[in-house]
Structure formats: C-alpha cells, structure tokens
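> sequence-free structure coming up:
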C-alpha cells in the first residue's frame, strides 16, 4: 500500500519557522566573538557555519575552521555578526554586498565619513548597526533623548563612561550613541555638538557642547552616565553592565529580527520599536 506524499500549508509554515539561521561570526577570537559563540550554543534559532579572523592562530573552534574573510568562507551564512574594527567591517560589507548577506554591526569607532559609507552599503543589504546591543542601554538612549528635548538651553550635558583596559577606542560607541541622543533631543547635528574628549580624568567640566570622559581600567564590562546640569540642579541617567552575555544575546536578537527586513540601515531602536 502506497502513501501520497503531501504536506499541508500549516505544516510547511511550521517547518519553515523552525529552520535555523546560518550564522557567521567575524572577529571570533575577540571578547565579543567568543561570547557570541557561547550564546549560540544555548540558542535554538541559530546554526554556526563560519568563523573568521584576520590572522588565523587557532585552526578550529567547536569543530569549525577559523578562516579569513572571503566570499567562499561566508557564502553559507544567512547573516553575519561583526564585532571587529572599522577596517575589517568594511571588508565584511564589501563581501556581504556581493553575496547579498545581512549584517549585524557591533563594531565601534567609525568616523563620520565611514558612517555615511555604511548607509550606502545599506541600500544593497540589510544592516543593523548599534554601538551597544543591550536593551537597557538602548532604553537609556531613548530616555536621554526625551530628557534633552524636555530641558531648555539653560542645561548643559556631558557623558561619562568606563570600560576594561583592553578597549582601544574612546569615547566608546555607546557614549557616542548617548551623545547622539542628546543632539537628537535638541534637534541639532551631533557632530556640531561634540566637545572635548577626555581620557582617564577624575573629573571633567560641562560646556556649551557635549564633553566626554572615558576611563580605561581593570576588567569592567561597561558603565555609562549622562548628566544634565543647569548649575542649580543635576539630572543623571546611568547604566551598569554586569555580564557580557547581555550584549551577545542582544546581537542574536538583532540577527533574528533582521532576517525579516529588506535592505536598509536599522538600529536597536527599530527592533525595540521605540517611537
């Protein structure tokens, strides 16, 4: 007795939704690369298919060969998560645009011209870029924008951040995100509001523009603070991260969300649907 081979529409949708997302991680030997690999192990939505580094030191991680950034290395991926350097990120975007792969960018330290170049690439592929993948930080940015919009010009603002001693760029991408929140609240161009950038100062002043102070010490995961002062009162917004997993889990949430999106440049704010 034979059986007809057929599948209902509901069953097709079920299996389609259950299909794992093929994931590539660039900078796999970095702190975030290693953390994302750990998070993928406990996330049923993803299958790790590619790991890359500029210089291959370790041959395999979890049975997957560590290779350099090339088309043949990344072609099996549905989406690429990139926590590297601006130079490496543009190598990835160049490849992704050729083979039409979606990209989540957690890399920081881009110049204004580089930010504009990322926008150009987003016309070809879907890109979600965030200086910080944490839900809490993105909520803080939203609140920073609201506070900046609500306070009058009598209030000056400044941004303070602390990260581990291994972090090279300063201010951090998150600090710059918060600065952009201040500028957006005032409906002004962020780059015209950038003030002085301090490193490892015990204290730093307010100014007519947004001043930044960055501390690099120990193994601190991340602390960020925005202050608004009128000289008569101070309003403070702050966030402290205790576990690096919150960033990797945020990156995976971003990757899953981005899979459904057409070419364009997105942010965690889009994912979280902050108006």
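Sure, I can see it. Here the structure is a predicted model, which is why all the values come from computation and not from measurement.

> Mind giving me the packing neighbours of the helix or strand where residue 22 lies?
Residue 22 is part of strand 21-26 when elements are defined by DSSP states H and E. With contacts defined as 3 or more Cβ pairs under 8 Å, 6 or more residues apart in numbering; DSSP states H and E, the packing partners of strand 21-26 are helix 31-41, strand 46-52, strand 79-82, helix 245-258. C-betas here are computed from N, CA, C, even on glycine.

> what comes into contact with the last one?
Residues external to helix 245-258 that are found in contact with it (Cβ atoms under 8 Å, 6 or more residues apart in numbering): 21, 23, 32, 35-36, 38-40, 43, 45-46, 79, 81, 83, 102, 104, 106, 126-128, 130, 132-136, 241, 266, 268, 271.

> List buried members of the residues you listed by neighbour count.
Neighbour counting by 16 or more other Cβ atoms under 10 Å classes 21, 23, 32, 35-36, 39-40, 43, 45-46, 79, 81, 83, 102, 104, 106, 126-128, 130, 132-134, 241, 266, 268, 271 among the contacts of helix 245-258 as buried.

> so residue 66 sits right up against residue 54, yeah?
No: using Cβ atoms under 8 Å, residue 66 makes no contact with residue 54, being 10.6 Å away.

> For these two, indicate the residue with more neighbours.
Taking neighbours as other Cβ atoms under 10 Å, residue 66 and residue 54 compare with residue 66 leading, 19 against 14.

> just checking, next helix/strand downstream of the host helix or strand of the more buried one?
If you go by DSSP H and E, residue 66 is part of strand 64-67. Next in sequence after strand 64-67, counting helices and strands by DSSP H and E, comes helix 71-74.

> Show me how far stretch 132-143 is from its chain's centre.
Using Cα atoms, centre = their mean, to the nearest Å, the mean C-alpha position of stretch 132-143 is found 11 Å from that of the whole chain.

> ok, now stretch 184-199?
On Cα atoms, centre = their mean, the centre of stretch 184-199 falls 20 Å from that of its chain.

> for that stretch, how far is the first residue from the last?
End-to-end distance of stretch 184-199: 25 Å, with Cα to Cα, to the nearest Å as the criterion.

> ok, and for that stretch, which residues are buried?
184, 185, 186, 190, 193, 194, 195, 198.
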